[in-house]
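> Let's see this in three dimensions:
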Amino acid sequence: MKHVFIDGSAGTTGLRIRERLAERTDIGLITLPEASRKDENARREALSSADVAFLCLPDDAAREAVGMVQNPDTVVIDTSTAHRTAPDFAYGFPELSPEFEEKIKTSKRIAVPGCHASGFIALVYPLIQSGVLPHTARLTCHSVTGYSGGGKKMIADYESEERDPLLFAPRQYALTQEHKHLKEMKALTGLAEAPIFCPIVADFYSGMVVTVPLFAGELAGGMADIREIYKKCYDTPIVRYKEAPDEAGFLSAAGLSGRDGMEISVLGNEERILLVARYDNLGKGASGAAVECLNLVMDCDRTTGLVL
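Next up, the predicted model:
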């Protein structure tokens, strides 16, 4: 049995991880009393006594928590932005390649991908690796997400009976083009430049759809080539290629809400192509990805405890 500690278990990501682990008999959860959750000594002891420690904390707190781990055998799985491009952390998206998967299995430090970044990297990385898309491409990315990704305050704002009328309509954000996921989006794909990124939060709890539009004339291949690349790369139980979803000409960002998988599709036409990733921002975009990394570390079925 592995002993697991969730530092930040009261937040949205921590609660979902706890939910996914609740019925497992191969894991024992280390818990702290409410009064001790912010006690540095209690946290240090819990972090260092765990076989695996999840960090569900703000960036600065996550960096501090890593420094508190005194046990060299403790595996740290960080869900924050803090370590996603750090060379000593494995990037927690095993479906990208066998090398990514092996590094997760053998690393003591793992960074869970950002929710928006997960979809973008899943779409772009294989195309650059295959040579269909040049690393010098200047890309645009659109992402629609549920409000749960904004944390407790945003959830409270959206679910308040006296909420701002502006919250009834989708809202674009990160308007200065400095979203914190851009760094990993550029670094992990190998792009020379970060994309123009347009995230939108809307009035639904969870779910996400990420779209990357491409002009076919700028590619070394067409729609059929891209589909074949995705079919080969994403023939897995968690990330899978899916032909155009049949939703009467629409594509709902809530289609995989509550689930931990990801669907990859190629839409558009032979001139203007849409690469689409659909998943749950709290699933493959956060907690589900973290639990998948845990499963790989434990060398068990990667889908254990997940909802697919």
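> Show me where the stretch 51-200 of the chain has its helices.
Listed in chain order, the helices of the stretch 51-200 of the chain (DSSP state H, counting those that start in this stretch) span 59-68, 98-106, 115-130, 151-159, 182-189.
> Out of the ones you listed, the one nearest residue 221 is which?
helix 115-130 (8.0 Å; C-beta to C-beta). All C-beta atoms are positioned from the backbone trio N, CA, C, and that covers glycine.
> in the closest one, what counts as buried?
For helix 115-130, a neighbour-count test (16 or more other C-beta atoms under 10 Å) marks 115-130 as buried.
> same for that helix, what does it pack against?
Judged by 3 or more C-beta pairs under 8 Å, 6 or more residues apart in numbering; DSSP states H and E, helix 115-130 is in contact with strand 140-146, helix 182-189, strand 196-202, strand 208-215, helix 223-233, strand 262-268, strand 272-279.
> mind giving me TSV with those and columns for distance to residue 35 and mean pLDDT?
Formatted as TSV, the helices and strands packed on helix 115-130 follow (distance: least, C-beta to C-beta, whole Å; pLDDT from 0 to 100):
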stretch	distance to residue 35	mean pLDDT
strand 140-146	33	98
helix 182-189	36	98
strand 196-202	34	98
strand 208-215	36	98
helix 223-233	48	98
strand 262-268	39	97
strand 272-279	37	98
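> Generate CSV for those, with mean neighbour count and distance to residue 167 as supplementary columns.
Conversion of the helices and strands packed on helix 115-130 to CSV gives the following (neighbours: other C-beta atoms under 10 Å; distance: least, C-beta to C-beta, whole Å):
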stretch, mean neighbour count, distance to residue 167
strand 140-146, 23, 12
helix 182-189, 21, 25
strand 196-202, 18, 9
strand 208-215, 22, 18
helix 223-233, 17, 35
strand 262-268, 21, 27
strand 272-279, 22, 23
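> Could you dump those into TSV and include distance to residue 239?
Below are the helices and strands packed on helix 115-130 laid out as TSV (distance: least, C-beta to C-beta, whole Å):
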stretch	distance to residue 239
strand 140-146	17
helix 182-189	15
strand 196-202	21
strand 208-215	13
helix 223-233	8
strand 262-268	5
strand 272-279	8
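> Among those, which comes closest to residue 26?
Using C-beta to C-beta as the measure, strand 262-268 is the one of the helices and strands packed on helix 115-130 that comes nearest residue 26, at 24.8 Å.
> what's the spacing between stretch 134-143 and its chain's center?
19 Å (C-alpha atoms, centre = their mean, to the nearest Å).
> Mind listing residues that contact it?
Stretch 134-143 has contacts (C-beta atoms under 8 Å, 6 or more residues apart in numbering) with 116, 119-120, 124, 128, 185, 189-193, 195-200, 208-214, 218, 220.
> Tell me how far the closest residue to residue 196 other than its chain neighbours lies from residue 197.
Closest residue in space to residue 196, ignoring its immediate chain neighbours: residue 140 at 4.7 Å, by C-beta to C-beta, 6 or more residues apart in numbering. Look at residue 140 and residue 197: by C-beta to C-beta, to the nearest Å, they are 8 Å apart.
> that older thread, with distance to residue 78 added, can I get the helices of the stretch 51-200 of the chain in a markdown table?
Below are the helices of the stretch 51-200 of the chain laid out as a markdown table (distance: least, C-beta to C-beta, whole Å):
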| stretch | distance to residue 78 |
| --- | --- |
| helix 59-68 | 5 |
| helix 98-106 | 13 |
| helix 115-130 | 14 |
| helix 151-159 | 16 |
| helix 182-189 | 13 |
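> Figure out which of the ones you listed is closest to residue 289.
Closest among the helices of the stretch 51-200 of the chain, using C-beta to C-beta: helix 115-130, at 6.9 Å.
> model confidence over the closest one, on average?
Mean pLDDT, computed over helix 115-130, is 98.
> got it, and stretch 53-71?
Computed over stretch 53-71, the average pLDDT equals 97.
> Repeat that for stretch 234-244.
pLDDT averaged over stretch 234-244 gives 95.
> how far out from the middle of the chain is that stretch?
Relative to its parent chain, stretch 234-244 has a centroid offset of 16 Å by C-alpha atoms, centre = their mean.
> again, but for stretch 215-233
For stretch 215-233 - counting by C-alpha atoms, centre = their mean - the centre lies 24 Å from the chain centre.
> how close does the nearest residue to residue 132 once chain neighbours are set aside sit to residue 193?
Spatial nearest neighbour of residue 132, chain neighbours left out: residue 221 (4.3 Å); criterion: C-beta to C-beta, 6+ apart. From residue 221 across to residue 193, the span is 21 Å (C-beta to C-beta).
> Which one of the two is surrounded by more residues?
Taking neighbours as other C-beta atoms under 10 Å, residue 221 and residue 193 compare with residue 221 leading, 15 against 11.
> Any figure for the gap between the more buried one and residue 241?
In terms of C-beta to C-beta, residue 221 sits 16 Å off from residue 241.
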